[in-house]
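K.L.:
requesting a structural model of the entry that follows:
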Amino acid sequence: DVVVYQTGTWSVDGVEVGDGSPPQLQYAKVDTIQLVWTHNCEHGVIRGIVLDFDSDKVGENNCRVAVSPTYESVEFGPEQLVAR
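P.N.:
I've put the predicted structure just below:
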């Protein structure tokens, strides 16, 4: 799946988390998902490959994403997931 996830600073259950920088949206192609549920919370890791916008293919109603030329891997938590 292609997903949108947030980096920088965001809110989880009303608590600010992250590195303190302004929030940004990033794109990735998911390789693996690891989730663990407990009686009162969940933990997990999503791993994938960074995607970039193909600036030559961006239009008014569409866009094209491509795997980064360096095949850079990324790892983020499920609370950072914005869209799929």
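K.L.:
and the contacts of the helix or strand bottoming out on mean pLDDT in the chain?
P.N.:
The weakest-scoring helix or strand in the chain, judged by mean pLDDT, DSSP states H and E, is strand 65-67 (a mean of 79). For strand 65-67, the surrounding residues in contact (CB atoms under 8 Å, 6 or more residues apart in numbering) are 2, 27, 29, 49-54. For glycine as for every other residue, the C-beta is placed from the backbone atoms N, C-alpha and C.
K.L.:
how far does that strand sit from the chain's center?
P.N.:
Distance of strand 65-67 from the chain centroid (CA atoms, centre = their mean, to the nearest Å) equals 14 Å.
K.L.:
with just CA atoms, put stretch 68-80 into CSV.
P.N.:
Extracted in CSV, the C-alpha atoms of stretch 68-80 (Å, rounded to 0.1, in the frame of the first residue of the first chain):
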residue,chain,number,x,y,z
SER,A,68,13.1,7.5,-4.2
PRO,A,69,16.1,7.0,-6.4
THR,A,70,18.2,5.9,-3.3
TYR,A,71,15.6,3.3,-2.2
GLU,A,72,15.7,4.9,1.2
SER,A,73,13.9,2.9,3.9
VAL,A,74,11.6,4.4,6.5
GLU,A,75,10.1,3.2,9.8
PHE,A,76,7.2,4.9,11.7
GLY,A,77,4.5,4.1,14.2
PRO,A,78,0.9,3.5,13.5
GLU,A,79,-0.1,6.8,15.3
GLN,A,80,1.8,8.6,12.5
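K.L.:
mean confidence (pLDDT) on that stretch, please.
P.N.:
Averaging pLDDT along stretch 68-80 yields 88.
K.L.:
do stretch 53-61 as well
P.N.:
Per-residue pLDDT values over stretch 53-61 give a mean of 65.
K.L.:
which is the succeeding secondary structure element to the top strand by length along the chain?
P.N.:
Longest strand in the chain, counting residues (DSSP state E): strand 24-37. Sequence order places strand 42-53 as the next helix or strand after strand 24-37, per DSSP states H and E.
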